[in-house]
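**Q** Sequence below, structure please.
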Amino acid sequence: MHARDLVTDFPTVTVDTPAVEAARLLAERDLPGLIVVDRDGLPLCVLPGTQVLRLAVPRYCQDDPALARVVDESHADLFVRALGGRTVRECLPQQPRELPITDPDATVLEIAALMARTRSPLLAVVEGPRLLGAVTLQTLLHSVLEV
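**A** Reported below is the predicted structural model:
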């Protein structure tokens, strides 16, 4: 089995997409992350949902989980408002990493190795100058475990 057999259509965003819109897309479609594309529709990176959360959750709560506990529930439920006018660009890691991008001929072991190495729950599948879609961790595990 190859990436072409596991690829599925997948939503994309750009670096200028509002972060709250990206969060909404993650939630509404139950996605593990998003593919960030350039103006030509080619992947720049994969943005795991946890990176969007990092932008929304106050730094002091990330640094000291005990502080998150002392925030009353009515205010704790509003943390996503911190995304405000921020964009996907602000969610991206500062240090460039290996891109979780593969070609349609990649085997399931190659896909799994790339996901593990890049710590990404999804891979963009690119053929030549176009994005074919993505392979998600869930799809990969279903195929190898025959669930």
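**Q** Can you list the low-confidence ranges for this protein?
**A** Counting by pLDDT under 70, the chain shows low-confidence ranges at 72, 74-79, 147.
**Q** where's residue 118 relative to residue 47, distance?
**A** Separation of residue 118 from residue 47 (Cβ to Cβ, to the nearest Å) stands at 12 Å. Using the backbone N, CA and C atoms, a C-beta is placed for each residue, glycine as well.
**Q** what about the two, which has more around it?
**A** Neighbour tally, residue 118 and residue 47, criterion other Cβ atoms under 10 Å: the higher count belongs to residue 47, 24 against 18.
**Q** and the closest residue to residue 39 other than its chain neighbours, how many neighbours?
**A** Nearest residue to residue 39, sequence neighbours excluded (Cβ to Cβ, 6 or more residues apart in numbering): residue 14, at 7.7 Å. Neighbour count of residue 14, defined by other Cβ under 10 Å: 15.
**Q** measure residue 14 to residue 70 for me?
**A** 37 Å.
**Q** Check residue 50 too.
**A** 23 Å.
**Q** Now do the phi/psi pair for the residue nearest to residue 39.
**A** Backbone torsions of residue 14, given as degrees, to the nearest 10, read phi -110, psi 170.
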